[in-house]
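A.B. asks: give me the fold of what follows.
(2 chains, ligands or ions: 2)
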Amino acid sequence: MTNNNGNGLKKASEHGIPAPLALLAELSHRCPLQCPYCSNPVQLEKKTAELTTDEWRSVIDQAVDMGMHQIHLSGGEPTVRHDLEDIVEHCSKKGLYSNLITSGVLLNPDRVKKLEKLGLEHVQISFQDTENENADRIGGYKGGHVKKLEVAKWVREVEIPLTCNCVVHRQNIDNLENFINMALELDAERVEIAQVQYYGWALKNRAAFIPTPEQLDHATEIVEKARVDLKGKIVIDYVIPDYYAKHPKNCMGGWGRQFLNLNPKGDVLPCHAAETIPHLKFDNVRERSLKWIWENSEAFNLYRGTDWMPEPCKSCDRKEIDWGGCRCQAMALTGDARNTDPACSISPLHNEIFSMAAKEAKSAPPEFIYRRYGVRFNSPI
Amino acid sequence: MTDILKINDETILKFPKHVKFKYNEPRKEWVILAPEKLVKPDKIAVEILKLVNGERSVKNIVQELSKIFKAPENVILEDVKIMLQQLSEKGFLVE
Ligand code: SF4
Ligand code: SF4
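C.D. replies: Ligands and ions are numbered 1, 2, ... in the order given. Predicted structure coming up:
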């Protein structure tokens, strides 16, 4: 366990940071799909280590007492847990707004109805493509796409608002218009078009996914036009890969500023990818309260605020806008989590990394490395 | 998503099923929660939204508000309508 006494790090309250807004709850790393861009850590947690129903109930109670507004029930695949219903019920009893982020494939109509009755507020279903064959190939799960379309209908039948999460990359980006049309046909309220973000499994597969700048420009045009044409009918959220942006994204609203993430065994992380930073020590809800962790945990306090920043971030006037970008990406691509996120065009490493990615985008895509337990890698970088 | 609603004096508004307008006790603030949205309405919007209950018409809401703020109804009516219109266009209120 970490002890922050005397380590010199400022705590949340000393940064003037209030309680977090929302909790991302990874209920399990188990998942029937094997997306090669999964955001889960490359070392997946086993079922036996997962928090129990009562432990999740306690986390929910603590989150509400701290003043959190929302919970995102995620994974892996959250529906592998047979107590998902109990967890949802407890959220609505406590007034925590609940959102289920699922691949959908394990759901059936009765379960969807039940979840609605218990107070589930929103469902997000992920789609790998709009064509059966390619979608099932990317997800590594036969029959998955057809099943997802069905599940989306069940969700709308019980009038839960639906978001279609579409992860796009060079092997499906040409179907972008079809993704938007599919979401419209499914009566979704929102469609999220997210380009793959490159850490964890996705980084291992970057060469298979990274789009060319031309593909990306074309995609952006399509989204901009659809936003105008479909105003009032559907909300389109669009995330471009930050390799092609000038400045990095404001990751998580800043490290340890707005959100916290629980992994299946109860480690509390500043972001879902934080386990890719090997020197971070996480505190666990089995040993400490959520409130204590938010205030004191070293993993949070190390990169809170701006004191830790080296140049060029230190003297940059955007340092309280993007907070130096993504720590996990800095770790993955430069070997030091404190460095400026190389997605930033000001980073001294930006050109080298960007040109490598651009070269990958123009070469034939390699085979996928699917997300599975116990896969071994050589680092691609 | 439904078509855009045009609010008049007689419109009766309510919150859609998945929009929650609530007081967060630990934070001491009112919020509107909707899928992927978290909005903190300003003080006046809070007073207006507290009166939305699926029974009161816009006119009734204005009558109540005029008592609370001690302002003549005809002075506040248009402002209230504009605010309700904006909230309904964001999907936070329906008929
Ligand atoms: S140098 Fe740092 S603070 Fe400035 S834009 Fe780049 S990442 Fe953001
Ligand atoms: S740096 Fe932030 S956004 Fe990026 S992966 Fe880590 S936590 Fe997430």
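A.B. asks: and for the closest residue to A:His279 other than its chain neighbours, the neighbour number?
C.D. replies: In this structure, A:His279 finds its nearest non-sequential neighbour in A:Ala337, 7.7 Å apart by C-beta to C-beta, 6 or more residues apart in numbering or on different chains. (Each C-beta comes from the backbone N, C-alpha and C, glycine too.) Close neighbours of A:Ala337, defined as other C-beta atoms under 10 Å in any protein chain shown, add up to 23.
A.B. asks: residue of the stretch 101-250 of chain A closest to chain B, please.
C.D. replies: A:His122 (3.8 Å; C-beta to the nearest C-beta).
A.B. asks: top helix in chain B by residue count?
C.D. replies: Scanning chain B for the longest helix, with DSSP state H as the assignment, gives helix B:73-89.
A.B. asks: quick one: residues contacting whichever residue of chain B sits closest to ligand 2.
C.D. replies: Taking C-beta to the nearest ligand atom, ligand 2 has its nearest neighbour within chain B at B:Glu36, 16.7 Å off. Counting by C-beta atoms under 8 Å, 6 or more residues apart in numbering or on different chains, B:Glu36 touches A:99, A:122, A:163, A:190, A:237.
A.B. asks: which phi and psi does the last one have?
C.D. replies: Geometry field for A:Asp237 lists phi and psi as phi -100, psi 140, criterion degrees, to the nearest 10.
A.B. asks: count the residues that sit near it.
C.D. replies: Neighbours around A:Asp237, by other C-beta under 10 Å: 14.
A.B. asks: quick check: which element contains the residue in chain B that chain A sits nearest to?
C.D. replies: Nearest to chain A in chain B, going by C-beta to the nearest C-beta, is B:Pro26, at a distance of 3.4 Å. B:Pro26 belongs to no helix or strand when assigned by DSSP states H and E.
A.B. asks: what residues are up against the one residue in the stretch 101-250 of chain A that gets nearest to ligand 1?
C.D. replies: Nearest to ligand 1 in the stretch 101-250 of chain A, going by C-beta to the nearest ligand atom, is A:His247, at a distance of 4.4 Å. Residues in contact with A:His247 (C-beta under 8 Å, 6+ apart) are A:318, A:321-322, A:325, A:344-346.
A.B. asks: A:Leu51 contacts A:Pro264, correct?
C.D. replies: Yes: between A:Leu51 and A:Pro264 there is a contact under C-beta atoms under 8 Å: 6.7 Å.
A.B. asks: show me where chain A dips below the pLDDT cut-off.
C.D. replies: A:1-6, A:368, A:370, A:372-381 (pLDDT under 70).
A.B. asks: determine the longest helix present in it.
C.D. replies: Every helix in chain A considered (DSSP H), the longest is helix A:213-229.
A.B. asks: got the buried residues for that helix?
C.D. replies: A:215-216, A:219, A:222-223, A:226 (16 or more other C-beta atoms under 10 Å in any protein chain shown).
A.B. asks: contact residues of chain A facing chain B?
C.D. replies: Where chain A comes near chain B, counting by C-beta under 8 Å from any C-beta of the partner chain, the residues are A:18-19, A:21-22, A:65-67, A:69-70, A:95, A:97, A:99, A:121-122, A:159-161, A:163, A:189-190, A:232-234, A:237.
A.B. asks: where does A:Leu280 land in three-state SS?
C.D. replies: coil (DSSP: H, G, I helix; E, B strand; the rest coil).
A.B. asks: tell me which helix or strand the closest residue in space to it that isn't next to it in sequence sits in.
C.D. replies: Spatially, and ignoring its direct neighbours in sequence, A:Leu280 is nearest to A:Ala299 (4.5 Å; C-beta to C-beta, 6+ apart). Taking DSSP H and E as the criterion, A:Ala299 maps to helix A:298-301.
A.B. asks: who's in contact with that helix?
C.D. replies: Here helix A:298-301 has contacts from A:2, A:4, A:7, A:9-12, A:255-256, A:260, A:268-270, A:274, A:280-283, A:293-294, using C-beta under 8 Å, 6+ apart.
A.B. asks: just stretch A:342-361 next, same as before
C.D. replies: By C-beta under 8 Å, 6+ apart, stretch A:342-361 touches A:170, A:206-207, A:210-213, A:242-243, A:245-249, A:312, A:316, A:322, A:324-326, A:329-330, A:333-334, A:339-341.
A.B. asks: what residues does the stretch 151-300 of chain A put near ligand 1?
C.D. replies: Taking C-beta under 6 Å from any ligand atom as the contact definition, the stretch 151-300 of chain A meets ligand 1 at A:247-248.
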